[in-house]
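Chemist: need coordinates for the below:
(one chain, ligands or ions: 2)
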Amino acid sequence: MNWLRIDLETYDAWSALPVYYREQSPIYIEGEVRTPTAFIEIIGHGIVAEADVLLVETTTRPADRYWLEPSAAIGVYSLVDLLALDFHHPFLQVGTYDETTDYDTLKRLWDEGYRVPSKRWSRSAYEAHLTRERQFEHQVSPTTVCAYCASDLSFFYGQLANRLMEYHIDADEEVWVCPTCHKALHYN
Ligand SMILES: [Zn+2]
Ligand SMILES: [Zn+2]
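Modeler: Ligands and ions are numbered 1, 2, ... in the order given. So this is what the prediction gives:
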């Protein structure tokens, strides 16, 4: 397993993590990882925290007021220090990564998620893309029809339509699209 997982049936992570993060107190989470930092997943929701692992212990369940059930059998627990906490990280929801996602990819998504429109971009690739497209910023489009959704902006914007069109570059195509589609294409 590449990350530590918390089961909400047994541990009240929604309450516990903000408290321990604010207090900067280490907490025990079941399991262990061998990655440079530990990502913490709330099962069914996604990764919500990054932590330093201070030690790994095989022990009976360490005391913590946020456990929701009586102590289980002996298990492996990691004592971690929360480095960052985010209950709404856009790219670490369940479904955007799986068992095969490696640490470097998770780390990149966690660190850069806010600055790129989708997980296919790294921050540098996205910035390079925008820089290339910006070279066409002052070029007036020869068409007012979006290559993607086929709407003709001149119906609504008349003469302004050619100036509203945006140039989008993809590996295999360079197209004039409407601003909405351009945004949508970057989210793909
Ligand atoms: Zn369009
Ligand atoms: Zn683009």
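Chemist: for Phe87, phi and psi?
Modeler: Phe87 has phi and psi values of phi -80, psi 0 when expressed as degrees, to the nearest 10.
Chemist: doesn't Val48 make contact with it?
Modeler: Yes: contact criterion C-beta atoms under 8 Å: Phe87 and Val48 qualify, at 5.4 Å. For glycine as for every other residue, the C-beta is placed from the backbone atoms N, C-alpha and C.
Chemist: higher neighbour count, these two?
Modeler: Val48 (21 against 13; other C-beta atoms under 10 Å).
Chemist: and after whichever strand or helix holds the more buried one, which helix or strand comes next?
Modeler: Assigned by DSSP states H and E, Val48 belongs to strand 46-59. The helix or strand immediately downstream of strand 46-59 is strand 75-85, counting by DSSP H and E.
Chemist: how about residues contacting that next one?
Modeler: The contact list for strand 75-85 (C-beta atoms under 8 Å, 6 or more residues apart in numbering) reads 4, 17-18, 20-21, 24, 26-33, 37-38, 40, 48-59, 61-62, 110.
Chemist: got a list of contacts for whichever helix or strand comes after that strand?
Modeler: Toward the C-terminal end, the helix or strand that comes next after strand 75-85 (DSSP H and E) is helix 103-112. For helix 103-112, the external contacting residues (C-beta under 8 Å, 6+ apart) are 2-3, 35-37, 39, 47, 50, 84, 89, 91-92, 96-97, 119, 122-123.
Chemist: at 6 Å what do you get?
Modeler: Applying C-beta atoms under 6 Å, 6 or more residues apart in numbering, the set of residues contacting helix 103-112 from outside is Asn2, Thr35, Phe39, Glu50, Phe91, Lys119, Arg123.
Chemist: wait, what's in contact with the fifth one?
Modeler: So that's Phe91. Leu109, Gly113, Lys119.
Chemist: so who does the closest residue to it other than its chain neighbours touch?
Modeler: Spatial nearest neighbour of Phe91, excluding adjacent residues (C-beta to C-beta, 6 or more residues apart in numbering): Gly113 at 4.1 Å. Each residue near Gly113 by C-beta under 6 Å, 6+ apart is listed here: His89, Pro90, Phe91.
Chemist: mind running it again at 8 Å?
Modeler: His89, Pro90, Phe91, Leu92, Lys119.
Chemist: give me the buried entries from these.
Modeler: The neighbour-count test (16 or more other C-beta atoms under 10 Å) marks His89, Phe91, Leu92, Lys119 as buried among the contacts of Gly113.
Chemist: dihedrals phi and psi, the residue nearest the centre of the chain?
Modeler: The centre of the chain sits closest to Phe91, judged by C-alpha atoms, centre = their mean, with a distance of 2.3 Å. Note on Phe91: backbone dihedrals following degrees, to the nearest 10 are phi -110, psi 10.
Chemist: does the residue lying farthest from the centre of the chain sit in a helix, a strand or a coil?
Modeler: Residue farthest from the centre of the chain, counting by C-alpha atoms, centre = their mean, is Gln159 at 40.1 Å. When classified by DSSP: H, G, I helix; E, B strand; the rest coil, Gln159 comes out as helix.
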